[in-house]
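Student: Structure, please.
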Amino acid sequence: MKKVFCLVISVTMMLAMLTGCGAKKDTVTLTIWGDADNQAILEQAFTEINEAFEKEHPDIKLDYQYSGTFDTINVAVQSDSLPDLFWVQGNKSTKMAELARNGYILNLDSYDMDSTRYSQAAIDYATVDGSVYCSYPAFLDYATIYYNKEIFDALQISKPSDFGELVAAVETLAQNGYTPIALGGKGDFDRYWLIQVMAPALCADTMEQISGHGDVDFTSMEKMFDTYREWAEKGYMGKDFTSIDAVGAQLAFTNGEAGMIVDGTWNNQMYRELNFEVGSFAFPDENGTRYAQSGESNYTTYAVAAKTEHPEEAVEYLRFLNSQQAEQIMENYVGSIPSVKDLNIRDDSVKEHSEFDVVGANIYHVLSGVADETGKPQDVFLGEVLPKLMMSEITGKEAVAMIEEEMNKSSVR
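Tutor: So this is what the prediction gives:
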């Protein structure tokens, strides 16, 4: 009996050990490509976010690399070597839709991603053809106008409350030897920022008609393009702005040579740390309505590669990015404008960015929305129209004719 009892005990202990071993999970490592272009802004936030995730999920380790650029993602697609997760821009470009439609990223519909905290704009950002393909954006970024409060005070310029006051401020700065609005004209997107803030306030009707895929009255857009050309001719963006890039424009502002600069709220941290006080305002129309532009932040929006060997674990990372905990960490470090209601805003400068009346359309997104392989009006707009306007080679009327001609090539129209 003693031998039988010992045998039973031994078998029971062995079964317990085997059961315990079977229940223990192997550690999974996820390779993640973060936003390489914004590493300096995001690194501290993601270091804490990733540490918090690993603490909550001890069986998942993260190999987080700042390797996510359009070029590296394109190469990885072509070589079938996408990482488990990577940074995407949602509907801000056509890239995520292309990846989704060609089966490169995981459809998240069966994973029941919780969208209850998010706006319809955030849900639309993550959606392609009715299905969700990335984590939801929790922040809004847009191009705004930063201004040097010391220069404004010295010249007795008030923060513009409507477009007429903005024009008056521009003229006063020019008359007193300042560059009114620092702008880079060298690269496509360098010269674009001023038009991005102008468009919702000055040609919302035209953009709405383009998005509606019907007949379009280009009158207000033509007038806006003429204003852009006029300001370039008068040197309001700097005498040599066509030869400098965005960094050069930022230097002109931070060195006190310019009264204003058009830049994104994503660069807010840089302007908070200057040795003079900086304010900001959303571009106003003639009636004083202040316009942001649609632009959900892509700081926390990631997709899962369709061929990942660890889809469940990868989706857990997306869920964590969409948690209040992770989003508050991001807000603490970056100071973006929350589009969810349960985050504490970092400081007064973020509150100032929140002082807009309407989230207007983004002109580049509007033109991208009527593009296909045969007609790409957004490319004509960036690569041909804006350079020719700033060099006074075309008028506003000729500019809209170029865009309309390219739109008519597209089957989307």
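
Student: what helix or strand does residue 303 sit in?
Tutor: Secondary structure from DSSP states H and E places residue 303 in strand 302-304.

Student: before we move on, what about residue 268?
Tutor: helix 268-272.

Student: Who are the packing partners of the strand holding residue 303?
Tutor: For strand 302-304, the elements it packs on are strand 85-87, helix 311-321, judged by 3 or more C-beta pairs under 8 Å, 6 or more residues apart in numbering; DSSP states H and E. (Each C-beta comes from the backbone N, C-alpha and C, glycine too.)

Student: how far is the last one from where the chain is centred?
Tutor: Here helix 311-321 shows a centroid-to-chain-centroid distance of 21 Å under the convention C-alpha atoms, centre = their mean, to the nearest Å.

Student: Least confident secondary structure element in the chain?
Tutor: Ranked by mean pLDDT, DSSP states H and E, the weakest helix or strand in the chain is helix 2-23, scoring a mean of 47.

Student: For residue 41, give me its contacts.
Tutor: Contact partners of residue 41, counting by C-beta atoms under 8 Å, 6 or more residues apart in numbering, are 266, 267, 269, 334.

Student: In space, what's closest to the third one - neighbours in sequence excluded?
Tutor: What that stands for is residue 269. residue 335 (6.1 Å; C-beta to C-beta, 6 or more residues apart in numbering).

Student: Please report the number of neighbouring residues for that neighbour.
Tutor: The tally of other residues near residue 335 (other C-beta atoms under 10 Å) stands at 20.

Student: Quick check: pLDDT value at it.
Tutor: In this model, residue 335 is scored at 81, pLDDT.

Student: Report the buried residues of the host helix or strand of residue 329.
Tutor: Following DSSP H and E, one finds residue 329 within helix 324-334. Using 16 or more other C-beta atoms under 10 Å as the test for burial, helix 324-334 gives 326, 327, 328, 329, 330, 331, 333, 334.

Student: Which element, helix or strand, includes the closest residue to residue 285 other than its chain neighbours?
Tutor: Distance criterion C-beta to C-beta, 6+ apart; nearest residue to residue 285, sequence neighbours excluded, is residue 201 at 4.0 Å. Secondary structure assignment for residue 201, by DSSP H and E: helix 192-202.

Student: Using CSV, write out the CA atom coordinates for that helix.
Tutor: The C-alpha trace of helix 192-202 is given here as CSV (Å, rounded to 0.1, in the frame of the first residue of the first chain):
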residue,chain,number,x,y,z
TYR,A,192,2.0,73.8,-49.1
TRP,A,193,1.3,74.8,-45.5
LEU,A,194,0.1,78.3,-46.2
ILE,A,195,-2.5,77.0,-48.8
GLN,A,196,-3.6,74.3,-46.3
VAL,A,197,-4.6,76.9,-43.7
MET,A,198,-6.1,79.3,-46.3
ALA,A,199,-8.3,76.7,-48.1
PRO,A,200,-10.9,75.9,-45.5
ALA,A,201,-11.4,79.6,-44.7
LEU,A,202,-11.3,80.9,-48.3
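
Student: same question for it, mean pLDDT?
Tutor: Here the average pLDDT along helix 192-202 is 96.

Student: Which SSE is immediately downstream of that helix?
Tutor: helix 204-211.

Student: Now that following helix - C-alpha only, PDB.
Tutor: Provided in PDB are the C-alpha atoms of helix 204-211 (Å, rounded to 0.1, in the frame of the first residue of the first chain):
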ATOM      1  CA  ALA A 204     -14.700  75.700 -48.500                       C
ATOM      2  CA  ASP A 205     -17.500  75.800 -51.000                       C
ATOM      3  CA  THR A 206     -15.300  74.700 -53.900                       C
ATOM      4  CA  MET A 207     -13.800  71.800 -51.800                       C
ATOM      5  CA  GLU A 208     -17.200  70.600 -50.800                       C
ATOM      6  CA  GLN A 209     -18.400  70.500 -54.400                       C
ATOM      7  CA  ILE A 210     -15.200  68.600 -55.400                       C
ATOM      8  CA  SER A 211     -15.900  66.000 -52.600                       C
END
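
Student: so where's this structure shaky on pLDDT?
Tutor: 1-25, 413 (pLDDT under 70).

Student: any idea how far the most centrally placed residue in it lies from residue 33?
Tutor: Nearest residue to the geometric centre of the chain (C-alpha atoms, centre = their mean): residue 297, 4.0 Å. Counting by C-beta to C-beta, to the nearest Å, the gap from residue 297 to residue 33 is 18 Å.

Student: now residue 364
Tutor: 24 Å.

Student: Could you measure from the residue nearest to the centre of the chain over to residue 304?
Tutor: 19 Å.

Student: hang on, the earlier thing: could you dump the contacts of residue 41 into a markdown table and include distance to residue 388?
Tutor: Below are the contacts of residue 41 laid out as a markdown table (distance: C-beta to C-beta, whole Å):
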| residue | distance to residue 388 |
| --- | --- |
| 266 | 28 |
| 267 | 28 |
| 269 | 35 |
| 334 | 36 |
